[in-house]
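Peer 1: When you get a sec, could you give me coordinates for this:
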Amino acid sequence: MEDKRNIQIIEWEHLDKKKFYVLGVAMTMMIRVSVYPFTLIRTRLQVQKGKSLYQGTFDAFVKILRADGVTGLYRGFLVNTFTLISGQCYVTTYELTRKFVADYSQSNTVKSLVAGGSASLVAQSITVPIDVVSQHLMMQRKGEKTSRFQVRGGPEGQGVVAFGQTKDIIRQILRADGLRGFYRGYVASLLTYIPNSAVWWPFYHFYAG
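Peer 2: Below you'll find the model as predicted:
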């Protein structure tokens, strides 16, 4: 049987950069809009004590809709969209690092290993602070304090203009924990994503070749 496994590898210099960045962000945004409500629900389910707030995913979905409407499912969404930057930085770092390493080694395994790890380091350095802020915003709930920090005017955000809640959360994190507060879980994220990315890409090139 003929082996049809060979896949053309598209290198950085082959890409139309304008299309790559514009279409990449647009596609990721569409996916993010569709899955964000479930990310918010997952976060609340993980943080709650036992079943103090919700009995499960469907119960959480219904209760959030009743209490806050559709917008309640998108708390922290605008802030979270800034992680789109990290996705583009990931790919850019990966490709540029591969190109740099190519000056020292032509091994796809070496290039992919170093580039994959470096890309995750850069991406997580951008993603973690944004995630910390957006997760605190996700936890803002009417009538109850479910986060370490509470936005001005309560979780309803009365009288708070766009990004006002975000600024308030950022100030409270800085006051309570300093800059380190934005990097809670940073090391754990690096230990999760760097090895994963560093190993994934060499295998991709191995099976594509």
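Peer 1: CA only for contacts and neighbour counts going forward, please
Peer 2: OK.
Peer 1: Buried ones in the helix or strand hosting residue 32, by neighbour count?
Peer 2: Using DSSP states H and E, residue 32 maps to helix 17-47. Residues of helix 17-47 classed as buried: 25, 32, 36-41, 44-45 (neighbour count, 16 or more other CA atoms under 10 Å).
Peer 1: try stretch 189-204
Peer 2: So, applying 16+ other CA under 10 Å, buried residues of stretch 189-204: 189-190, 193-194, 197-202.
Peer 1: Relative to the whole chain's centre, how far out is it?
Peer 2: The chain centroid and the centroid of stretch 189-204 are separated by 16 Å under CA atoms, centre = their mean, to the nearest Å.
Peer 1: quick one: the nearest residue to residue 182 once chain neighbours are set aside and residue 55, what's the gap?
Peer 2: Sequence neighbours aside, residue 129 is the residue nearest to residue 182 in space, at 4.6 Å (criterion: CA to CA, 6 or more residues apart in numbering). Separation of residue 129 from residue 55 (CA to CA, to the nearest Å): 30 Å.
Peer 1: Mind checking which of those two has more residues around it?
Peer 2: Neighbour totals were compared for residue 129 and residue 55, and residue 129 leads with 20 against 11 (other CA atoms under 10 Å).
Peer 1: pLDDT below threshold where in the protein?
Peer 2: 1-11, 142-147, 152-163, 208-209 (pLDDT under 70).
Peer 1: need the helices for it, in chain order.
Peer 2: Using DSSP state H, the helices found in the chain span residues 17-47, 57-68, 77-80, 83-101, 108-138, 164-177, 186-208.
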